[in-house]
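Enquirer: need a 3D model of the sequence below.
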Amino acid sequence: MGVGSITIIPQGVKNIGAYHAAGNALLYGATGGQLFISGTVGQRFGVRNSGAIGVVEGCSAHGAEYMTGGTLVVLGNIGFNFAAGMTGGKVFVLSTQKNFKQYISETAPEQKQITDLDILDLKVLIETHYEKTNSNVAEKLLENEKNGVKYFSVFGGVTTFEGSRFLYLEYFKALD
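Expert: The predicted structure is shown next:
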């Protein structure tokens, strides 16, 4: 994907709970565009993403692998080897699943505490996801906004250098 916007929503009666909405390798090698899916996706979500924005409600193994840019939001469970070899971009993951840390690759960037800038980015993306998909998951997170952000883990994005007063803004163009 290079440009444009894709939205995938369940058809007919809205399923309660996890809805598997799309298959494998979504946003693989994407350079731009936006993807909003009300449901979970298969393996290799956002692999080698270098500029796209994607919001899903869960993904299987190898999500965000070798990512170099863009922004991903996972509003649910992840599979093993998440963020392996990720060198750029930003990923927000709702980290409420049991044994969350065991699903993160040893080569993933350091998990960071969410900052005010991250909260702003995340809120805009969840609001957009809700507007486009009418997602129950997004709606619940927005209703409990103040407490909800503490359950997110952040990988990549703004990096601070120890001993320096300056911030290195590795990634800032996601919300184009």
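Enquirer: what ranges in this structure fall below the confidence cut-off?
Expert: Residues of the chain that meet the criterion pLDDT under 70 lie in 12-18, 158-176.
Enquirer: where do the strands of it begin and end?
Expert: 5-8, 20-22, 34-37, 40-41, 50-56, 68-74, 88-94, 111-112, 152-156, 158-160, 167-169 (DSSP state E).
Enquirer: those into a markdown table, with extra columns for mean neighbour count?
Expert: Any C-beta I mention is one placed from the backbone N, CA and C, and that applies to glycine too. Converted to a markdown table, these look like this (neighbours: other CB atoms under 10 Å):
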| stretch | mean neighbour count |
| --- | --- |
| strand 5-8 | 15 |
| strand 20-22 | 17 |
| strand 34-37 | 25 |
| strand 40-41 | 24 |
| strand 50-56 | 25 |
| strand 68-74 | 24 |
| strand 88-94 | 25 |
| strand 111-112 | 16 |
| strand 152-156 | 23 |
| strand 158-160 | 14 |
| strand 167-169 | 11 |
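Enquirer: and the ones you listed as a markdown table, adding distance to residue 80?
Expert: Formatted as a markdown table, those follow (distance: least, CB to CB, whole Å):
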| stretch | distance to residue 80 |
| --- | --- |
| strand 5-8 | 24 |
| strand 20-22 | 17 |
| strand 34-37 | 21 |
| strand 40-41 | 15 |
| strand 50-56 | 17 |
| strand 68-74 | 14 |
| strand 88-94 | 13 |
| strand 111-112 | 16 |
| strand 152-156 | 15 |
| strand 158-160 | 25 |
| strand 167-169 | 30 |
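Enquirer: fine by me, we can end here.
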